[in-house]
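Undergrad: Any chance you can model this:
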Amino acid sequence: MAGSLRRIGAAVVVSAASLFGCQGCSPAPVAPPTAGTKPAPGEPPVVTLTPKAAAVVRGQMDELANGTKLYLRLRVEPGGCQGFMHKLDLDPVVSPDDQVCETAGVPLVVAKCQSEMLRGAEVDFGEENGRQGFKVENPNFKGESAKKWL
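TA: A predicted model of the protein is given here:
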């Protein structure tokens, strides 16, 4: 999908986060965008975006928002060659079961039940083998740490 976003129902889907290679619970957004919890003051965001990824996401948000506040949602889903994969969406809805933070000027949402699984992950945007897209580097899914989440 070459790093593009597309709208599916209420959400806008970002190209697969594990575009450059293989890499719980499913949040059910039901509450207005002001729901969800924020990290304690001074606590770092669960997930960070590189400046390049943030610029691409902000550009897509500006293009697709139509006056609606959008959040970048990162989640882990079953699938991929290691049994799990990261997925990115632009979502206008936040649930009380979500954790909301801001990173590089992008409002980001993760399901509370996946926050420890995603803590320390970094989203980047780049090109590899002639393909552009988002890539998630998650230290929790490397080596022995990955077994905890399988």
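
Undergrad: which residues touch the closest residue to residue 124 other than its chain neighbours?
TA: Ranked by CB to CB, 6 or more residues apart in numbering and with sequence neighbours excluded, the top spatial neighbour of residue 124 is residue 50, at 4.5 Å. Where C-beta positions appear, they are placed from N, C-alpha and C, glycine not excepted. Neighbouring residues of residue 50 by CB atoms under 8 Å, 6 or more residues apart in numbering: 104, 122-125.

Undergrad: Let's see that with 7 Å instead.
TA: 122-124 (CB atoms under 7 Å, 6 or more residues apart in numbering).

Undergrad: and the residues you listed as TSV, adding pLDDT?
TA: Output for those, formatted as TSV (pLDDT from 0 to 100):
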residue	pLDDT
122	95
123	96
124	96
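
Undergrad: max-length helix in this structure?
TA: When the chain is parsed with DSSP state H, its longest helix is helix 51-64.

Undergrad: for this protein, what spans make up the helices?
TA: Under DSSP H, the chain gives helices at 51-64, 115-118.

Undergrad: Name the residues of the longest one that are buried.
TA: I take that to be helix 51-64. By 16 or more other CB atoms under 10 Å, the buried positions in helix 51-64 come out as 53-54, 56-57, 60-61.

Undergrad: Packing partners of it?
TA: strand 5-8, strand 84-91, strand 106-111, strand 121-128 (3 or more CB pairs under 7 Å, 6 or more residues apart in numbering; DSSP states H and E).

Undergrad: low-scoring stretches of the protein, by residue?
TA: Where the chain drops to pLDDT under 70, the residues are 1-44, 82, 144-150.

Undergrad: If we use 50, what do you get?
TA: Regions of the chain meeting the criterion pLDDT under 50 cover residues 1-34.

Undergrad: give me every residue that touches residue 116.
TA: Residue 116 touches nothing, counting by CB under 7 Å, 6+ apart.
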